[in-house]
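*Asks:* Could you work out the structure for the sequence below:
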Amino acid sequence: MNHTLTVKGVYSDFKNKKEILEHYNSNKDFYNIGISQNAYVNKQDAKRFKVSFLNVRYKNLEKIAVINVNKDKFI
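*Replies:* Sure thing, here's the model as predicted:
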């Protein structure tokens, strides 16, 4: 299993899970704050690089939502 921790952008934040899923399904970029810092990842990249889960911080970076990349939905 391959995981990555992401946020909406360097100076922005998601308000809720619905906003996260809309962003993901629109193939917009997430800022990677995991192992490969200073990199961006979107839905297409995650599938191409066989990322299993995207852990996305939201609500003032206090909570984490996990997207199952293979199923395109939250776990």
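*Asks:* Tell me which strands the worst-scoring helix or strand of the chain on mean pLDDT pairs with, and in which orientation.
*Replies:* Ranked by mean pLDDT, DSSP states H and E, the weakest helix or strand in the chain is strand 3-7, scoring a mean of 79. Paired strands of strand 3-7, with direction, are strand 30-32 (antiparallel), strand 53-58 (parallel) (DSSP bridges).
*Asks:* hey, least reliable of those strands by pLDDT?
*Replies:* For the strands paired with strand 3-7, mean pLDDT drops lowest on strand 30-32, to a mean of 89.
*Asks:* coming back round to it: buried residues in the least confident helix or strand of the chain?
*Replies:* The neighbour-count check on strand 3-7 (16 or more other CB atoms under 10 Å) flags Thr4, Leu5, Thr6, Val7 as buried. Bear in mind the C-beta positions are built from the backbone N, C-alpha and C, glycine included.
*Asks:* and that strand, how far from the chain's centre?
*Replies:* Using CA atoms, centre = their mean, to the nearest Å, the mean C-alpha position of strand 3-7 is found 5 Å from that of the whole chain.
*Asks:* heads up, I number from 769, so please use that
*Replies:* Happy to do that; since the first residue is 769 now, the last one works out to strand 771-775.
*Asks:* Toward the C-terminus, what is the element adjacent to that strand?
*Replies:* Later in the chain than strand 771-775, the nearest helix or strand by DSSP states H and E is helix 785-793.
*Asks:* Quick check: mean pLDDT of that next one?
*Replies:* So the average pLDDT for helix 785-793 ends up being 97.
*Asks:* contacting residues around that helix?
*Replies:* For helix 785-793, contacts defined as CB atoms under 8 Å, 6 or more residues apart in numbering pick out 776, 782, 798, 810-811, 822, 824, 826, 833, 835, 840-842.
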